[in-house]
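Asker: 3D model of this:
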Amino acid sequence: MRSKRWASAVVAAAALVAVPVAAAGMMHPTLGARLSGMGEHGIVNLQAHASKHELCWKFELSTMHLLGATVRASDGMIVARLGHMYRAKGCAMVKAKSLALIESKPGRYWVWVATKNHPGELRGRIHAGMAHM
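Answerer: Numbers count the residues shown, from 1 in each chain. Have a look, this model is predicted:
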């Protein structure tokens, strides 16, 4: 009887330890998006560094006259700015809550790239994993 209670306690403790591991496994620090619009296309790969509150990116675009890039919610609200002006590669500080939301549910967010004549016309939905041309 005593061994059954002890075994139940061990199983319960193991289950409690596994819950944070499972939740942590749902975060996606490596993200990507295939961008298209204005007859152009390209990709962006993102790397989230939650401990530093930092989101890094690397764009592969052939479009000219790029002004800036943002991460936006599906309703168009800006969640993170990828720098003050467009750079093909870089890192930016992002609020911890915003970064956690992007990492946990990447499909709800988009990368928008603004050009001189077409703000936000070049865009793509974020997904877990890297994007490839």
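Asker: And the helices in this protein, which stretches?
Answerer: 2-24, 96-104 (DSSP state H).
Asker: Going by mean pLDDT, which of these comes out lowest?
Answerer: Here the helices of the chain differ in mean pLDDT, and the lowest is helix 2-24 at a mean of 46.
Asker: how about stretch 101-112: buried residues?
Answerer: 101-103, 106, 109-112 (16 or more other Cβ atoms under 10 Å). Placement of C-beta: from N, CA and C, glycine included.
Asker: Please state the offset of that stretch from the chain centre?
Answerer: Distance, stretch centre to chain centre, for stretch 101-112: 5 Å (Cα atoms, centre = their mean, to the nearest Å).
Asker: First-to-last residue distance for it?
Answerer: Stretch 101-112 has an end-to-end distance of 17 Å (Cα to Cα, to the nearest Å).
Asker: cool, and stretch 90-101?
Answerer: 21 Å.
Asker: Any chance you could list what contacts it?
Answerer: 27, 48-50, 53-57, 79-83, 102, 108-109 (Cβ atoms under 8 Å, 6 or more residues apart in numbering).
Asker: go on, stretch 73-80?
Answerer: 55, 70-72, 92, 94-95, 98-99, 101-102, 108-110.
Asker: In the residues you listed, find the pair that's most separated.
Answerer: The span of these, defined through Cβ to Cβ, is set by Ala92 and Arg108 at 19.5 Å.
Asker: Now do the contacts for Trp112.
Answerer: Contacts of Trp112 by Cβ under 8 Å, 6+ apart are 69-72, 120, 122-123.
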